[in-house]
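**Student:** Need coordinates for the following:
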Amino acid sequence: MTLQELQDQALQLSIEARWQLVHAVLASLQQETHCALMEPDPAFPEIAFRSDAENSWVPVVHGTSIHVKTVVMAATEWDWSTEQIAEEYGLSVAQVEAALVFFKTHSDEVAMAALNQRPAQPVPAQAVPSAKIPSAQV
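**Tutor:** Purely as a prediction, here's the structure:
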C-alpha cells in the first residue's frame, strides 16, 4: 500500500477516528523512541535513564531518582566527599563512585544536559574535603 492510498483511506474516516489514529501512531512512535533511548550503557549497570519534565532522558543512580549531575555537582562544586554525598542522598559509596565514573566517561553528554538545569547550591553544615572523581575503568 502506498502513502497516497493510506492518506485516501484516512480521509474517509470521521474526524474522531482520525484523531484516534493519530494518537495510536504517536503512541507507537513514542514507544519505539522510548525503547531506543532507554538502552543503558552495559559498562554502567548502576546507572539508569529517566525522563524529566521536558521529556529528555537523564542519567540517574539506578533504583533512585538521584540525577548523576547532582552527585557530580555535590562532589565538584560543593566539595562534598563521596561519603557525605552517600549519606546526604541515601546512596552507597559504590553508587556515588559509579555516578562519578559514569560522568567522567560520558562527561561531554552529561555536561551538555546539565547546562540546561542546575540544582540550587546547598549550604553544608561544615566544610568537607574535596571528593576525587575515580578513574574510569572501561
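**Student:** Where does pLDDT dip in the chain?
**Tutor:** 29-40, 55, 109-138 (pLDDT under 70).
**Student:** Recalculate using a threshold of 80.
**Tutor:** The model of the chain has pLDDT under 80 over residues 1, 25-41, 51-57, 107-138.
**Student:** Do a quick rundown of the helices in it.
**Tutor:** Taking DSSP state H as the criterion, the chain carries its helices at 3-11, 15-37, 68-76, 82-89, 93-105, 107-116.
**Student:** Would you mind putting the ones you listed into a markdown table with mean neighbour count and distance to residue 62 alongside?
**Tutor:** Just so you know, the C-beta spots here come from the backbone N, C-alpha and C atoms, and that holds for glycine as well. Shown next, in a markdown table, are the helices of the chain (neighbours: other Cβ atoms under 10 Å; distance: least, Cβ to Cβ, whole Å):
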| stretch | mean neighbour count | distance to residue 62 |
| --- | --- | --- |
| helix 3-11 | 10 | 42 |
| helix 15-37 | 10 | 16 |
| helix 68-76 | 22 | 11 |
| helix 82-89 | 18 | 13 |
| helix 93-105 | 21 | 8 |
| helix 107-116 | 13 | 16 |
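**Student:** for these, which one sits closest to residue 53?
**Tutor:** Across the helices of the chain, residue 53 has its closest neighbour in helix 107-116 (10.9 Å, Cβ to Cβ).
**Student:** mind listing what residue 102 touches?
**Tutor:** Neighbour list for residue 102: 41, 44, 46, 47, 59, 68, 110 [criterion: Cβ atoms under 8 Å, 6 or more residues apart in numbering].
**Student:** what's the most distant pair in those residues?
**Tutor:** Across the contacts of residue 102 (Cβ to Cβ), the longest gap, 14.5 Å, separates 46 and 110.
**Student:** Just send the helices of the chain back as TSV, with distance to residue 53 too.
**Tutor:** Converted to TSV, the helices of the chain look like this (distance: least, Cβ to Cβ, whole Å):
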stretch	distance to residue 53
helix 3-11	33
helix 15-37	16
helix 68-76	15
helix 82-89	20
helix 93-105	21
helix 107-116	11
